[in-house]
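Asks: Any chance you could fold what I've pasted below:
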Amino acid sequence: MPQITSLRLLLSSANHYSPLLSPLKPNSPSLRTTTSLFTVISYSKRRRSVPPFNLRTRNKSTFRETKEREKPVSMEESESVGFNKRRAEGRDKSDKPKTLQLKVRKLNPINTICYVQILGTGMDTQDTSPSVLLFFDKQRFIFNAGEGLQRFCTEHKIKLSKIDHIFLSRVCSETAGGLPGLLLTLAGMGEEGMSVNVWGPSDLKYLVDAMKSFIPNAAMVHSHSFGTGPSDGLVPSPESFDPIVIVDDEVVKLSAILLQPNCSEERRNQYLRPHKEHSEALKPGDISVIYVCELPEIKGKFDPAKAAALGLRPGPKYRELQLGNSVRSDHQNIMVHPSDVMGPSLPGPVVILVDCPTEFHLQQLISLQSFHRYYANSLEKTVNCMIHLTPASVASTSDYHNWMGKFGEVQHIMAGHEMKNVEVPILKASARIAARLNYLCPQFFPAPGFGSLRHNHVKDHRASNEDPVSKLFKNHSAENLLKFNLRPYSQLGLDKSCIPSTTPHSGIINDLLSEIPEIVDAAKEVSNFWNRPTHSEEEQSLTKNNKWMIEEPWLNPNGNDLPSCLENVTREDMEIVLLGTGSSQPSKYRNVSSIFINIFAKGSLLLDCGEGTLAQLKRRFGIEGADKAVKGLKFVWISHIHADHHTGLARILALRRDLLKGIPHDPLLVIGPRQLKRYLDAYQRLEELDMLFLDCRHTTQSSLDAFENNDESKSPDNNVVHCPQAYGVVLKAAERFNSMGKVIPGWKLVYSGDTRPCLELVEASRGATVLIHEATFEDGMAEEAIARNHSTTKEAIEVGESADAYRIILTHFSQRYPKIPVFDETHMHNTSIGFDMMSVNLADLPVLPKVLPYLKLLFRNEMIVDESDDVRFSASQAI
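Replies: Down below sits the predicted model:
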């Protein structure tokens, strides 16, 4: 039954880019070395000498997942803990195929409202392409779906169910990283699920094929690719870059113009990525798309007086003329044409979205004849707005400026990444929570990493580049939720009314002090934990004087013996950074699962990598700090195939590839379930990821023993209790010596992944310095936890207590608990609640539980369960 993964890693501290893993050969001396940075150790099924631990017995328990279901879900028992066997084996009914219907809407040809709007995903973190919303009364189109789109829509109340079409300007992690999670969310809405049309160049098929490895329903991906692309190593012909009409209805005509890199042979070889057989061939993902949106003209006003003068009686012929049809006069022997009785028509607005990712694409862009009809001197079409997703490095060139100038009096919105945008957080709700936590305890909740950039980069950018484009054209820097109104015609133009107001940090803190005056003293108390010996008489006295602290039992000074691994520990040994602490899908206050383990000079690693992981790294460490963290990664470990644990991986790998381009380095090791390899292999046809994959089942203790004993016939079962091929992991640092020559054991960190409590996890966690355990549900939702194979808060704590773990950090909370989960404080003497951006240094572990009561104070008005429809859906779909 359940097991925890095991792998002995040999990290070299001498060479940053040295091989991560020594080959796992039978009887290899390296397998028994004690000089490695840490080993990842776990225990197989045959090691079961574990005393019983206090988990409530659920003998023969059942759970009716839905009211409509006739038979309850069968449960099995693992020792004394119930779990859903069908779900653990991947056979639960929720995985049965279903046909997701596309939304069919009745169009309104005479739209009263129409606009394009900037959705500022990635603006503050520079990690993904912004999205653009094209809004009609009855339709919604979105261009690009980078990571964070779901979370952005939740924050700004943009309903995903209203989206009909998604268009990709490129098919890569920067523009499509949020697509898998978005499709899964839509598929779970309502009883039958929903779906959208996804459009992109021919490369789209590679992304769809990759997603099928973890999205079981092919029906939920209604994809449409257009044009010819790099197939079998061939470069698309020039004819394939003529405009391709992909949508043409009563409301809008939408065309795509393909764009490929175009340069001399020498420069092409510098740009194009290596190909096994065709060194000069384009690779999928190199093709970019420009979208042209044309609205129909607005017909002139019908003049009844002119119609009467031409001998027409009021009636059906008036309607025919307004529809554009000619009719015969009732009293005169003439034909009456629409132009005889209609006022002048107003041309339909035209919007162009341009994504020119490199200067090599720019050469092709300048030469495209498809745009001639839109140039100012053609008088054929008038462009009203151009949205430039082109990066600033390309958009600032003179060639690009000259091309922009050909369109005449056009409103240009520059949406490429600019450093000044890091000043304005796009996710204001989570930024507000982070600021309040930072005020209370800056040691565990450091200020965002962007603060250092504001002075070093933003000021210089504005001083050195006063936006030269704006001096030549009607140019506007993109801002979050900036609109360009297209209908009604009287409001045609820019609209800044929806741009969110910016709340300064001082304003957030002033609101906090007004709301909770006691927080001032609380912050001082928390600070004193680092400024005086633990549990001093002064601390005990102050604690007694604070009435709101009296009931907290974990402040009792008894039983505060430090584990020997913390002897002489420094702040450069290890730090845990929780990048995402929510479950199922990104939410307003919590991102999905990801944990960054910083070993400082010896590198770093990621445990799980949900959507938005890179953005969270940049919020925590800043742009440059996140780049350094990504370059320093030694490996990424993925617990299981559910999308909320791995869909941020491709973006991390792509950035590392780009950062290390031209620098000698090894591929990044990715350790995960074998389904993940199928996804990554399929995805690499689209975009090179520069990684090496290792199946988790080869890293279990029993698998390692098989290598050591030269017995490759053993094939152990490697699951914790959640879904097929789900794993927990144990990391253990190497022993060290103090100044007296005494051996100090290394720290031990255990991460449960998603799981029901199980004895194997208890055994693997025995004596852990830190146990990071999922706690998806509150204690009163035990049946839901069993049905979904998750843990309740109390169950997670009992696992840690049974294993005698020194500290327990709870994570992976349901969206029912928007800011702080529901918990019973009587069980929290060595436990802490995890928050996004929380940073726990090994040296600060003794203080960790003592901060919890102050967190209760901070959230005393917000410890409620969110029962909104959207959150109930998300909780029911927890995976």
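Asks: How confident was the prediction at the residue nearest to residue 610 when sequence neighbours are not counted?
Replies: Nearest residue to residue 610, sequence neighbours excluded (Cβ to Cβ, 6 or more residues apart in numbering): residue 592, at 3.3 Å. Where C-beta positions appear, they are placed from N, C-alpha and C, glycine not excepted. Confidence at residue 592, expressed as pLDDT, is 94.
Asks: count of residues packed around residue 310?
Replies: 19 (other Cβ atoms under 10 Å).
Asks: With residue 408 instead?
Replies: Residue 408 - counted by other Cβ under 10 Å - has 14 other residues nearby.
Asks: Contacts only, for the residue lying closest to it once chain neighbours are set aside.
Replies: Of all residues not flanking residue 408 in the chain, residue 376 sits nearest, at 2.8 Å (Cβ to Cβ, 6+ apart). For residue 376, the contacting residues are 406, 407, 408, 409, by Cβ atoms under 8 Å, 6 or more residues apart in numbering.
Asks: Selecting buried members of these in PyMOL, what would you type?
Replies: To isolate the buried members of those in PyMOL, using 16 or more other Cβ atoms under 10 Å:
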select buried, resi 407
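Asks: Residue 848 reaches residue 839, doesn't it?
Replies: No: Residue 848 is not in contact with residue 839 according to Cβ atoms under 8 Å; the separation is 11.3 Å.
Asks: okay, and the common contacts of these two?
Replies: By Cβ under 8 Å, 6+ apart, the residues touching both residue 848 and residue 839 are residue 444.
Asks: surely residue 329 meets residue 312?
Replies: Yes: taking Cβ under 8 Å as the definition, residue 329 is a contact partner of residue 312 at 5.9 Å.
Asks: Can you give me the buried ones in the longest helix that the chain contains?
Replies: Scanning the chain for the helix with the most residues, using DSSP state H, yields helix 613-631. Buried residues in helix 613-631, counting neighbours by 16+ other Cβ under 10 Å, are found at 613-623, 625-627, 629-631.
Asks: Can you give the contact residues for that helix?
Replies: Contacts for helix 613-631 (Cβ under 8 Å, 6+ apart): 122, 124-128, 147-148, 419, 422, 425, 434, 446, 448-453, 577, 579-580, 591, 594, 596, 598, 604, 606, 648-649, 651-652, 655-656, 659-660, 836-837, 839.
Asks: make it 6 Å
Replies: Defining contact as Cβ atoms under 6 Å, 6 or more residues apart in numbering, one finds that helix 613-631 is touched by 125-127, 148, 448-450, 452-453, 579, 591, 594, 604, 648, 651-652, 655-656, 659, 837.
Asks: Between residue 848 and residue 839, point out the one with more neighbours.
Replies: Counting neighbours by other Cβ under 10 Å for residue 848 and for residue 839 shows that residue 848 has the greater number, 22 against 18.
Asks: got the contact list for that one?
Replies: By Cβ under 6 Å, 6+ apart, the contact list for residue 848 reads 807, 832.
Asks: and the gap between it and residue 770?
Replies: For residue 848, the distance to residue 770 equals 9 Å [Cβ to Cβ, to the nearest Å].
Asks: got any residues that touch both of the two?
Replies: Shared contacts of residue 848 and residue 770 (Cβ under 6 Å, 6+ apart): residue 807.
Asks: where does the stretch 51-200 of the chain have low pLDDT?
Replies: 51-81, 89-104, 106-111, 190-192 (pLDDT under 70).
Asks: rerun at 50
Replies: Flagging of the stretch 51-200 of the chain using pLDDT under 50 yields the residue ranges 51-53, 55-79.
Asks: Show the residue spans covered by the strands in it.
Replies: Under the criterion DSSP state E, counting those that start in this stretch, the stretch 51-200 of the chain contains strands at 76-78, 81-83, 114-119, 131-136, 140-143, 165-167, 197-201.
Asks: would you turn those strands into TSV with mean neighbour count and distance to residue 573?
Replies: Output for the strands of the stretch 51-200 of the chain, formatted as TSV (neighbours: other Cβ atoms under 10 Å; distance: least, Cβ to Cβ, whole Å):
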stretch	mean neighbour count	distance to residue 573
strand 76-78	15	35
strand 81-83	25	34
strand 114-119	23	41
strand 131-136	22	41
strand 140-143	24	45
strand 165-167	24	45
strand 197-201	24	46
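Asks: Name the next helix or strand downstream of the longest helix of the chain, please.
Replies: strand 633-637 (DSSP states H and E).
Asks: contacts for that next one?
Replies: 11, 20, 603-607, 609, 668-671, 729.
Asks: next one: stretch 661-673
Replies: Contact with stretch 661-673 is made by 17, 19-20, 633, 635-638, 640-641, 656, 690-694, 696, 725, as judged by Cβ under 6 Å, 6+ apart.
Asks: Check which residues of it are buried.
Replies: Quick answer for stretch 661-673 (16+ other Cβ under 10 Å): 665, 666, 667, 668, 669, 670, 671, 672, 673.
Asks: nearest to residue 304, of the strands of the stretch 51-200 of the chain?
Replies: With Cβ to Cβ as the criterion, residue 304 lies closest to strand 114-119 of the strands of the stretch 51-200 of the chain, at 28.4 Å.
Asks: The closest one: how far from the chain's middle?
Replies: 22 Å (Cα atoms, centre = their mean, to the nearest Å).
Asks: Could you number the chain from 44 rather than 1 from now on?
Replies: Sure, I'll start numbering at 44, so the last one becomes strand 157-162.
Asks: Output the contacting helices and strands for it.
Replies: Judged by 3 or more Cβ pairs under 6 Å, 6 or more residues apart in numbering; DSSP states H and E, the packing partners of strand 157-162 are strand 174-179, strand 526-530.
Asks: Nearest to residue 896 among the ones you listed would be which one?
Replies: strand 174-179 (41.2 Å).
Asks: Which neighbours in the sheet does that closest one have, and how are they oriented?
Replies: Strand pairing for strand 174-179, using DSSP bridges, gives strand 157-162 (antiparallel), strand 183-186 (antiparallel).
Asks: contacts for the shortest one?
Replies: Okay, so that is strand 183-186. Residues external to strand 183-186 that are found in contact with it (Cβ under 6 Å, 6+ apart): 174, 175, 176, 177, 205, 206, 207, 208, 209, 210, 396.
Asks: change it to 8 Å
Replies: Contact with strand 183-186 is made by 162, 174-177, 192, 205-212, 295, 297, 334, 396, as judged by Cβ under 8 Å, 6+ apart.
Asks: do the longest one as well
Replies: Residues lying outside strand 157-162 but in contact with it, judged by Cβ under 8 Å, 6+ apart, are 173-180, 185, 192, 195-196, 199, 201, 336, 338, 394, 428, 430, 456, 458, 521-530, 538, 541.
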